[in-house]
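J.: Requesting a structural model of the entry that follows:
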Amino acid sequence: MQTSRLLATVLAAALVRVGPATDVPQLVPADDETCASCDGQAVELLQSRVSAARAGGGAEDAVRAARRSRLGSERAEVAKAVLTFGFGSSHAGGTFDCGAHPRLCTEPFNCNGTGAEDWARALAEGATGDGPNFQTWCAGPQYEEYVSQCIIDRDLVGAGRTYHDQAEEGLHGPDTYELDASYCFLEGFCLNTAVTNDTTVEEATHMCNQRYGDRWRTAENPTQTPAITEFAAAYDPASPGFPSRDLTTPFVLLACMMGNYHCDVMMCKATHCQDQGMVARYGHFLTDLGWDENTEPWFAEIGRAHV
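T.: Next up is the predicted model:
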């Protein structure tokens, strides 16, 4: 909700931060040194971790439930946030503020001198060249730290943790944190071995081509799909998280178009996939949807793109 979602990055909850469980097998290495590539996840550990998390996550769930109970009055705000996708909130008009967001005024974003019409055009046109349309990020300067750390610095794990912490603090709106977590599991990112901390934009673009053909190049705004509209209208803070892929796949397509597909995958692998409570809630999607048996080249390590 990774966006990107971003992801899935439509809503957020200011929840207590819970680190990875130390008594449960890890799907992905959690420390900085070993998570530099986050390769070699042990798929066979999935069931044992999910079972252990379900057995031991009660305290964490209780804390989250208490925090979520405070969100009941925010339902209208949540619906508004999901339907605006978080874009445009940082600058209502005029030209892009390079003083406030200098990294977005450099390559490959080039937001300097652009205005609202340019941002709308970029989002509407999609990716018209060989790669993503990075100028779409001019419409969402609140994601500057995340996307610049991933694309410019090429620190995918660090960028993922930066965004994760911002979402956890509620900086991207009500319930994004929980929706991002469900996005990670629904889209199988926790078991994706093709994307690593070293994956380049070119490799990620190739993976998007393998997975979606040209469909991602003209990805529609996910918040304009009937499924998202209905989801936002009926949203219940007591049951956060996306329930199905018809709600999350549009955000993956958008991540491909905006150039942060690999950033989202690593954000998931380094954070939510390590969270015992999230595994207990959403880990079943990895087996229910067959991600544990997926051998597609854009998903399995053997299929990493070399372009």
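J.: What's the end-to-end length of stretch 239-248?
T.: By Cα to Cα, to the nearest Å, the extent of stretch 239-248 from end to end equals 16 Å.
J.: Quick check: buried residues in that stretch?
T.: 240-242, 245, 247-248 (16 or more other Cβ atoms under 10 Å). C-beta here means a position set from N, CA and C on the backbone, and glycine is covered the same way.
J.: Give me the average confidence score over the helix or strand where residue 247 lies.
T.: Applying DSSP states H and E as the criterion places residue 247 in helix 245-258. For helix 245-258, mean pLDDT is 95.
J.: can you check stretch 155-166 too?
T.: 98.
J.: could I get the buried residues of stretch 239-248 as a markdown table with distance to residue 289?
T.: As requested, the buried residues of stretch 239-248 are exported to a markdown table (distance: Cβ to Cβ, whole Å):
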| residue | distance to residue 289 |
| --- | --- |
| 240 | 19 |
| 241 | 15 |
| 242 | 13 |
| 245 | 7 |
| 247 | 13 |
| 248 | 11 |
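J.: Now do the helix or strand residue 180 falls within: which elements does it pack against?
T.: Here residue 180, judged by DSSP H and E, is contained in helix 176-186. Applying 3 or more Cβ pairs under 8 Å, 6 or more residues apart in numbering; DSSP states H and E, one finds that helix 176-186 makes contact with helix 156-168, helix 245-258, helix 261-270, helix 276-282, helix 284-288.
J.: residues of the helix or strand hosting residue 211 that come out buried?
T.: For residue 211, the host element (DSSP H and E) is helix 201-212. Under the neighbour-count criterion of 16+ other Cβ under 10 Å, helix 201-212 has 201, 203-209, 211-212 buried.
J.: Closest one of those residues to residue 153?
T.: The shortest gap between residue 153 and any of the buried residues of helix 201-212 belongs to residue 201, at 12.6 Å (Cβ to Cβ).
J.: So the closest one is in contact with residue 262, correct?
T.: Yes: the pair residue 201 and residue 262 passes the contact test of Cβ atoms under 8 Å, sitting 7.5 Å apart.
J.: could you give the angle of the helix or strand following the helix holding residue 211 to helix 176-186?
T.: Reading on from helix 201-212 to the C-terminus, the next helix or strand found by DSSP H and E is helix 226-233. Following axes from the mean of the first three to the mean of the last three Cα atoms, to 10 degrees, one obtains 140 degrees for the angle between helix 226-233 and helix 176-186.
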